[in-house]
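>>> Fold the stuff below for me.
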Amino acid sequence: MNEEKTQDSAPDLNGAPSNSTKAGGDIYVQDATKSFGVTKALNGVNFKANFGEIHAIVGGNGCGKSTLAKVISGVLPLDKGKVSIMGHSPNSPIEAQRIGISTVFQEVMIAEEATVYENLFIGYDSFFGKKLAHRDRVEKAAEIMLELAGEFVDPYTIASQLSLGMKAWITIGRAFLRNPKVLILDESSAALDFDSTERLFAKMRTLRDQGAAIFIVTHRIAELVRISDRATVMRDGVDVGVLAGDEITEKNLLGLMTGDKKISTASEIKSTPPNSVLDEIVLRSKDLKVWENGDVINFNLPKGEILGVTGLDGQGQDNFVKALAGIDQPISGDVIVKQSDEERELTKKEYKSVESLLDAKKSGIAYVSGDRKKEGIFPNMSIYENMVIPLYKGKQAKTSGGFIGFIKWTELNGIFDWEVDRLSIKTGPKNNLITSLSGGNQQKVMIARAFTTTPKILILNDPARGIDVGAKRDLYKHLRNFVNEGGTVIFLSSELEEFIGLCHRVLVFRDGSIFEIFEKEDINPNVILEGMFGHTQKKSNTSQETVENYKSNKNDTNIQKNIIQKPVIPKIVKVVDFQKKSEKENKIKIKYF
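Next comes the predicted model:
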């Protein structure tokens, strides 16, 4: 471990934070203790950090990582112990901001009905006045979003119209706008794809080289191995070790996280996909379009397959899986699912259309979203209710939750206990609010909810977002068991390593349609990444029949259209009439030169 430099007295930090000089003083946490009821989130945590370093805080779900981040940023008070940032102990977010601390929290915190530029500058001004004029804010908002997101975003766009990834960029941009001396990122890359994460890392390295201290809280072990200079590992509310430099490996991190030095990494556990794919087609799409200008998708899903779906953020893969799950209506085309023997006997038809979420549910399709805050949890309901609520009517589940309006609590209690144990959900009393759990454990409850309905087809939209490596291994095991028992899985993920040894095929989306199909030995993160950027046309190893089965209208023009081109950077031209006070009449104009 490197020796940290200390300083007898901390500088005066009541002014604006500097963005160029290396800060002085110590950053340390001493005997930090924090409890929530009977749960001890922090139990005597101690560690020290350096300026000019990226310091990872890592551990399993519910180990206290996010609580520690909130304590350092002044959001939560300690029950016991001390946090010192350059001689200061922030007692509120405002005080933390004043001494140069910026935090990006795990949940994407934006005002949905406000514009992009308004969200970026929330909390930027002092009590006595604005630091930037309106037109300068708009220009700065466009500039920083272009730098971070890699594309022009109209500063006047209402935030609710943006994708989850773009909303995440707003919260990250808000932190960077303040030129922080201490930057805390709590699972900030969870909503970002690979390309976006690399841009974030580049920005973090620049800030580190300017002398800032950066704390990164993440479950993505492969990411922190690449980006971190030092890592503090936590387990059950206690710091259990510090790694630095070459010591930061997936093996060492997992060993400290679990206390098992012989633990295998996720890539070592996953060897080959389950060998249970059958000829029976359980779901298909016919001339499906999820984008107005996208190609149609003719898609077959055989029983027993684990199908991977990916793409750069906002390329249509999210629209695709939501259309299959009956959540979003496609532009055109149909999604059809195979009926049960009883249904075929009644209707004399093999397949039926999925036109709504209710249709999907009745057809045995369950959906799990990675955006648990918006599409998953019921925040005002208990952990128990969040998991078993689909069984209150009980007609879909094999074990009925109720009959003629009466709920069989004994059966539901058994299902709840089984799923908690099976998915290793770290929970207090089951009647506690779902929001009392860590983000990762909330996500596990969402996954358990889907399993309680005993679905035929499980559609997972980035389900591992926010869950630790151990939980991911358990999820992979449960998915294998699910398909071996006759189920079928569609698995959308932004973490390409998750596909290796798990998926039979991986679909890569670009421009609202399937651009590439990878199978067997071609399922490799580097090759898939090339496809995501449009740099490959791996058609030689894929039969023409398979390609045509997924995509129609295949010709040279369409192929060329999908090949990535050097982006045209928009020039921002402001047309301002100062006689008009309405912002809508003074929007930024975009022109391509």
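>>> Please make it C-alpha for all contacts and neighbour counts, starting now.
Fine.
>>> list the contacts for residue 175?
102, 103, 104, 183 (CA atoms under 8 Å, 6 or more residues apart in numbering).
>>> Leaving out sequence neighbours, find the closest residue to the third one.
Looking back up the chat, that one is residue 104. residue 185 (5.0 Å; CA to CA, 6 or more residues apart in numbering).
>>> Next up, phi/psi of the one you found, please.
phi -120, psi 110 (degrees, to the nearest 10).
>>> Turn the contacts of residue 175 into JSON lines, columns for distance to residue 532 and secondary structure.
Output for the contacts of residue 175, formatted as JSON lines (distance: CA to CA, whole Å; DSSP: H, G, I helix; E, B strand; the rest coil):
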{"residue": "102", "distance to residue 532": "32", "secondary structure": "strand"}
{"residue": "103", "distance to residue 532": "31", "secondary structure": "strand"}
{"residue": "104", "distance to residue 532": "27", "secondary structure": "strand"}
{"residue": "183", "distance to residue 532": "30", "secondary structure": "strand"}
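>>> Neighbours of the nearest residue to residue 438 once chain neighbours are set aside, how many?
Of all residues not flanking residue 438 in the chain, residue 62 sits nearest, at 5.4 Å (CA to CA, 6+ apart). Residues lying near residue 62 (other CA atoms under 10 Å) number 25.
>>> By mean pLDDT, point me to the weakest helix or strand of this protein.
helix 556-562 (a mean of 33; mean pLDDT, DSSP states H and E).
>>> Any stretches of this structure with poor pLDDT?
1-25, 126-130, 191, 260-277, 393-406, 466, 536-593 (pLDDT under 70).
>>> Could you list the domains of it?
Domains of the chain are assigned by automatic domain parsing as 53-76+92-265, 269-364+461-562, 377-454.
>>> Present those as JSON lines; the columns should include distance to residue 38.
Formatted as JSON lines, the domains of the chain follow (distance: least, CA to CA, whole Å):
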{"stretch": "domain 53-76+92-265", "distance to residue 38": "13"}
{"stretch": "domain 269-364+461-562", "distance to residue 38": "23"}
{"stretch": "domain 377-454", "distance to residue 38": "8"}
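>>> Looking at these, which is nearest to residue 83?
domain 53-76+92-265 (6.4 Å; CA to CA).
>>> Any idea how far that closest one is from the middle of the chain?
13 Å (CA atoms, centre = their mean, to the nearest Å).
>>> With stretch 372-382 instead?
Taking mean C-alpha positions (CA atoms, centre = their mean), stretch 372-382 and its chain are 16 Å apart.
>>> before we move on, back to that, mind picking the two most distant members of the contacts of residue 175?
104 and 183 (8.0 Å).
>>> any idea how far the residue nearest to residue 438 is from residue 440?
7 Å (CA to CA, to the nearest Å).
>>> joint contacts of the two?
By CA under 8 Å, 6+ apart, no residue touches both residue 62 and residue 440.
>>> who's in contact with residue 427?
437, 441.
>>> what ranges do the helices span in the stretch 151-300 of the chain?
164-176, 194-209, 221-227, 250-258, 266-269 (DSSP state H, counting those that start in this stretch).
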